[in-house]
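Predicted model follows, preceded by the sequence.
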Amino acid sequence: MFRSYKKGRPVLKIPRSRLEVILEVLAILGILFHVLLLVYYWPALPETIPTHFGFSGEADSWGGKSSLILLLVVNIGMYLMFTVFHYLPHIYNYNTEITEKNAWEQYYNARLMLNVMKVEIVWVFAYIGWGTVQTGLGKAAGLDGRIMAVILIVIFVTMFYFMWRERGIG
């Protein structure tokens, strides 16, 4: 065990749990879906597609279809960022003091939160890509605002749930 540079926190090697492996597979499937979506629909897409959707879900800005590549790159970038931070739970901010006694549980809880949120965010970006493609092809009028509202609620509930769990770890 090594000491962390942050407040003398221990640096632990915590093996991936079965749940974390499942979450990783779900995140990779989200990225794969996003890539295959673009590969499949790219030839059929018009040169101008929606690049932004308002709160109602209707497209309110249009641009080149290459913006879908940027959306995919951001999705992959977010995936990679969450994956790197998976290995660095000792540098996270916690609402409780990290001690030798609670470090393993606190780190695992925080890491699990990041893994769940990684899956949620990867699939949000994939959904936005899918909605953009469907709108660009004229098969949809935009993103469903209700789905986007539910997605935001789910992400915030995830954060609050894991923060609540953190408080219960001695």
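On my side now, so go ahead. The model shown is predicted, which means the values in this text are computed figures rather than measured ones.

which residues in the chain form strands?
2-3, 10-11, 48-53, 59-64 (DSSP state E).

Would you mind finding the longest helix in this protein?
Longest helix of the chain, by residue count under DSSP state H: helix 103-136.

Point out where the protein drops to low pLDDT.
1-7, 170 (pLDDT under 70).

What number of residues are in the vicinity of residue 137?
Neighbour count for residue 137, taken as other C-beta atoms under 10 Å: 13. C-beta coordinates here come from the backbone N, C-alpha and C atoms, glycine included.

Against residue 50, how distant is it?
To residue 50, residue 137 is 11 Å away according to C-beta to C-beta, to the nearest Å.

go on, residue 142?
Where residue 50 is concerned, residue 142 sits at a distance of 7 Å (C-beta to C-beta).

Overlap in contacts, those two.
Residues touching both residue 142 and residue 50 by C-beta atoms under 8 Å, 6 or more residues apart in numbering: 59, 135.

Pick out whichever of these two has more residues nearby.
Legend: neighbour count by other C-beta under 10 Å for residue 142 and residue 50, higher for residue 50 (23 against 17).

Does the more buried one touch residue 134 like I think?
No - under the criterion of C-beta atoms under 8 Å, residue 50 makes no contact with residue 134, lying 9.8 Å away.
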